[in-house]
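**Student:** 3D, please:
(chains A and B)
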Amino acid sequence: MARHYPGGMPSPHDTLAPVISAAIAAAFGDEHRGADPVLRSSQFADLQSNAALALAKRLGMPPREVATRLVQALDVTGVCERVEISGPGFVNLTLADSWIAAMVQQVAEDPRLGVEVAPALVVPIDYSAPNVAKEMHVGHLRTTVVGDALARTLEHLGHRVIRQNHVGDWGTNFGMLVEHLLEVGESSEAARLVETDPNAFYQAARVKFDGDDGFADRARARVVALQAGDGETVRLWRSLYEMSKHYFNRIYAALDVTLTDADLAGESTYNDDLPGLCAELQERGIAVESEGALCVFLPGFTGREGKPVPLIVRKSDGGYGYGTTDLATIRHRVRDLDADRLIYVVGATQSLHLQMIFATARLAGWLPEDVEVVHVQIGNVMGEDRKLLRTRAGDSLRLMALIEEAVEAARGVLDEARPDLPESTRHTLAWQIGVGAIKFADLSVAHDSEYVFDLARMVSLTGNTGPYLQYAAARIRSIFRAAGLDASDPQARSIAVVEPAERALALALLEFGSVVRQVGADLGPHRLCAYLFELAQTFSAFYEVCPVLKAPDEATRQSRLALCAATFRVMEQGLALLGIATPDQM
RNA sequence: GCCCCCGUAGCACAACGGAUAGUGCAGCGGCCUUCUAAUCCGCAGGUUGCAGGUUCGAGUCCUGCCGGGGGCGCCA
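**Tutor:** Alright, predicted model coming up:
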């Protein structure tokens, strides 16, 4: 997009960084132009540059003197109203109110709110990946919610995102599951559990498998039949798949997740690729036979007793494991989808495995150097005992139940706070708020950190939560409703920055574009969560001290309306990038 | 045994190598005749697991130790 922001980007950091660099070059020579301007937010000013401290050593000059010369060469006319050197050589920068006002007005009039469109990359994102005929658990919740937020964000930045739902639809378990389906009958109540309560179905099959040798034998035979493409077995397998699709789609709809059937790219889709893939690896000497299995041994990967860890691509019985299909996904995404950047939103426990997959793909030439691959590690979900939370019989962690519980909690608060609203409205709002609460709880912690599962906290509607952000947005909409205006329209009113609360709010609004850009680069939606929470806090403080509709004069009223509208749109857009709804009212 | 991640306030979490380590919850104390009090304002709370090292500067980087989690040949 054309930069229509006077002097460059709306964010103070992006505006000042090149200015500092220019000053460094002017003061110390062009060879230092590339030095990091070390711009940071400051508690003593709006921003500070610590470049002088870093440069002092290289220049053989006292840092204080470096700072002095830097400031002498610095041209921040129109941007900063004050530049001060303090401490050992910090350069404190205070922005001019007039500059802030001009920039925030540009943001307010910008349909994209300062988010620039990046050069488009093709980005397949692997996320969610539930298992057929199995309940989705809290671990799936996380990769689903984080992956979906990344997909939305990258799309907004202009990339071509290709969602890849690598459903677990193949493997030895399916012998047991198909055999169980056959025994209970396809149209039986027991079979229907696949759609409504997959855990129950799975557990029933498991119990028979563990306790009935005859069944276990039939299940094993059924695996062979499935892999051999036996017609009836495949038909039953497909039936399980179809029922599970309904289950997935119910969850996705309940969670407001963008995945559709078109994004399904399960393990079985690669079945035909696996023999050839293995043959190629073997012919080229990348994979070798070991103990009957076809393995890739990579330098640097050792396990017990220093023995090399194999990546098994073909089992000794001739079957294929998930390593082989994972290799096939890379080859497919690079070769057929023309990917520039591969993203795997997968549990942290798969770290070693994926490293080996990536290394093997590089070795085989399926993953060229100019294609980036990232494992967005999803941290373990821990119980309150700090042990890994696992689904096993007795643990009632049905994802749908969790969603329902969150919605009910929101409903309770809503009934208390807004009994005046009609039933249908409260029904919709409770869903938006409850699901927003779950998603924000999931997104606001760094995706790779472990996560103590605490339902009460997730569902709590106070503090650093989704509902808090939604409430801030709803209050803005309420102001506009009272004025008979629409908060969603880009506003062309003149903005003045006078009160400290107005200044703080305007400053926060300038950062949206760079925060979104950073989320796209680092793949960390929690930064956007933190930003939006701070924006909501800043707005709430503004709301407290700056009357909008009852502003002292018409110019102030117009200015504050414009600030409110911009805040609303940033909130709504930011929440949308996270996959969180913005309720009309709360 | 080897490898990876983590250890920050009572709890849950932040902090591109930059000044006095932040935010929420919980606790204590204030503010509703005023655009929505699911809000806001204030107070208190810390030897960033321990010990060294690198650096002008370390929660952040390096080494060792302690503690927690995960992974390590035919489940996916």
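**Student:** Can you tell me the element residue A:569 falls in?
**Tutor:** In this assignment (DSSP states H and E), residue A:569 forms part of helix A:554-578.
**Student:** and that helix, what other elements does it pack with?
**Tutor:** helix A:97-109, helix A:138-156, helix A:423-443, helix A:466-483, helix A:500-509, helix A:512-522, helix A:525-545 (3 or more CB pairs under 8 Å, 6 or more residues apart in numbering; DSSP states H and E). All C-beta atoms are positioned from the backbone trio N, CA, C, and that covers glycine.
**Student:** Can you tell me which of the ones you listed is packed in deepest?
**Tutor:** helix A:138-156 (a mean of 24; mean count of other CB atoms under 10 Å).
**Student:** Tell me if that helix is near RNA strand B.
**Tutor:** No. Judged by CB under 7 Å from any atom of the strand, helix A:138-156 stays clear of RNA strand B, getting no closer than 11.3 Å.
**Student:** Toward the C-terminus, what is the element adjacent to that helix?
**Tutor:** Per DSSP H and E, the first helix or strand lying C-terminal to helix A:138-156 is strand A:160-164.
**Student:** Kindly export that next one (C-alpha atoms) in CSV.
**Tutor:** The C-alpha trace of strand A:160-164 is given here as CSV (Å, rounded to 0.1, in the frame of the first residue of the first chain):
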residue,chain,number,x,y,z
ARG,A,160,-2.0,-16.7,0.6
VAL,A,161,-2.7,-19.0,3.5
ILE,A,162,-3.5,-22.6,2.7
ARG,A,163,-5.0,-24.3,5.7
GLN,A,164,-4.0,-28.0,6.1
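**Student:** Give me the average confidence score over that strand.
**Tutor:** The average pLDDT for strand A:160-164 rounds to 98.
**Student:** Stretch A:272-289 too?
**Tutor:** Averaging pLDDT along stretch A:272-289 yields 96.
**Student:** Apart from its chain neighbours, what residue comes closest to residue A:297?
**Tutor:** Distances taken as CB to CB, 6 or more residues apart in numbering put residue A:308 closest to residue A:297, at 4.6 Å, once the chain neighbours are dropped.
**Student:** Surely the one you found and residue A:290 touch.
**Tutor:** No. Checked against CB atoms under 8 Å, the pair residue A:308 and residue A:290 is beyond contact range at 9.3 Å.
**Student:** Now the common contact residues for these two.
**Tutor:** Residues within reach of residue A:308 and of residue A:290 at once, by CB atoms under 8 Å, 6 or more residues apart in numbering, are residue A:297.
**Student:** quick one: the helices in the stretch 1-150 of chain A?
**Tutor:** All helices of the stretch 1-150 of chain A, identified by DSSP state H, counting those that start in this stretch, fall at A:12-28, A:51-59, A:63-73, A:97-109, A:138-156.
**Student:** Go through these and name the closest to residue A:225.
**Tutor:** Of all the helices of the stretch 1-150 of chain A, it is helix A:138-156 that lies closest to residue A:225, at 28.9 Å by CB to CB.
**Student:** And RNA strand B, is the longest strand along chain A touching that?
**Tutor:** Using DSSP state E, we find that the single longest strand of chain A is strand A:293-302. Yes. Using CB under 7 Å from any atom of the strand, strand A:293-302 reaches RNA strand B at A:293, A:295, A:302.
**Student:** Need the residues that contact that strand.
**Tutor:** Taking CB under 8 Å, 6+ apart as the rule, strand A:293-302 contacts A:278, A:281-282, A:286-290, A:308-316, A:352, A:355-356, A:359-360, A:363.
**Student:** One more: stretch A:446-453?
**Tutor:** So stretch A:446-453 is contacted by A:138, A:142, A:146, A:345, A:348, A:376-384, A:386, A:389, A:445, A:523-526 (CB under 8 Å, 6+ apart).
**Student:** Repeat the analysis, applying 7 Å as the threshold.
**Tutor:** Contact with stretch A:446-453 is made by A:138, A:146, A:348, A:376-384, A:389, A:445, A:524, A:526, as judged by CB atoms under 7 Å, 6 or more residues apart in numbering.
**Student:** for stretch A:542-550, same thing?
**Tutor:** With contact meaning CB under 7 Å, 6+ apart, stretch A:542-550 is reached by A:475, A:479, A:482-483, A:499, A:501-502, A:505, A:557, A:560-561, A:564.
**Student:** now those in JSON lines, with distance to RNA strand B and pLDDT?
**Tutor:** Putting the contacts of stretch A:542-550 into JSON lines (distance: CB to the nearest atom of the strand, whole Å; pLDDT from 0 to 100) gives the following:
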{"residue": "A:475", "distance to RNA strand B": "5", "pLDDT": "96"}
{"residue": "A:479", "distance to RNA strand B": "4", "pLDDT": "96"}
{"residue": "A:482", "distance to RNA strand B": "4", "pLDDT": "94"}
{"residue": "A:483", "distance to RNA strand B": "8", "pLDDT": "93"}
{"residue": "A:499", "distance to RNA strand B": "11", "pLDDT": "95"}
{"residue": "A:501", "distance to RNA strand B": "9", "pLDDT": "96"}
{"residue": "A:502", "distance to RNA strand B": "11", "pLDDT": "97"}
{"residue": "A:505", "distance to RNA strand B": "12", "pLDDT": "97"}
{"residue": "A:557", "distance to RNA strand B": "9", "pLDDT": "95"}
{"residue": "A:560", "distance to RNA strand B": "8", "pLDDT": "96"}
{"residue": "A:561", "distance to RNA strand B": "9", "pLDDT": "95"}
{"residue": "A:564", "distance to RNA strand B": "8", "pLDDT": "96"}
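**Student:** give me phi/psi at residue A:371?
**Tutor:** Backbone torsions of residue A:371, given as degrees, to the nearest 10, read phi -100, psi 120.
**Student:** Distance check, the residue of the stretch 151-300 of chain A found nearest RNA strand B against residue A:240.
**Tutor:** Going by CB to the nearest atom of the strand, RNA strand B is nearest to residue A:171 of the stretch 151-300 of chain A, at 2.7 Å. Per CB to CB, to the nearest Å, residue A:171 is found 13 Å from residue A:240.
**Student:** what bits of chain A have low per-residue confidence?
**Tutor:** Scanning chain A for pLDDT under 70 picks out the ranges A:1-8, A:385-397, A:491.
**Student:** okay, now the domains of it?
**Tutor:** Per automatic domain parsing, the structural domains of chain A span A:12-95, A:173-259, A:399-578.
**Student:** Now render those domains as a markdown table, adding distance to residue A:119.
**Tutor:** Output for the domains of chain A, formatted as a markdown table (distance: least, CB to CB, whole Å):
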| stretch | distance to residue A:119 |
| --- | --- |
| domain A:12-95 | 17 |
| domain A:173-259 | 23 |
| domain A:399-578 | 12 |
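**Student:** so which of those domains gets nearest residue A:104?
**Tutor:** Checking the domains of chain A against residue A:104 by CB to CB gives domain A:399-578 as the closest, at 4.1 Å.
**Student:** circling back to that earlier point, now distance to residue A:89 too, for the helices of the stretch 1-150 of chain A, in JSON lines please.
**Tutor:** Output for the helices of the stretch 1-150 of chain A, formatted as JSON lines (distance: least, CB to CB, whole Å):
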{"stretch": "helix A:12-28", "distance to residue A:89": "13"}
{"stretch": "helix A:51-59", "distance to residue A:89": "4"}
{"stretch": "helix A:63-73", "distance to residue A:89": "3"}
{"stretch": "helix A:97-109", "distance to residue A:89": "25"}
{"stretch": "helix A:138-156", "distance to residue A:89": "37"}
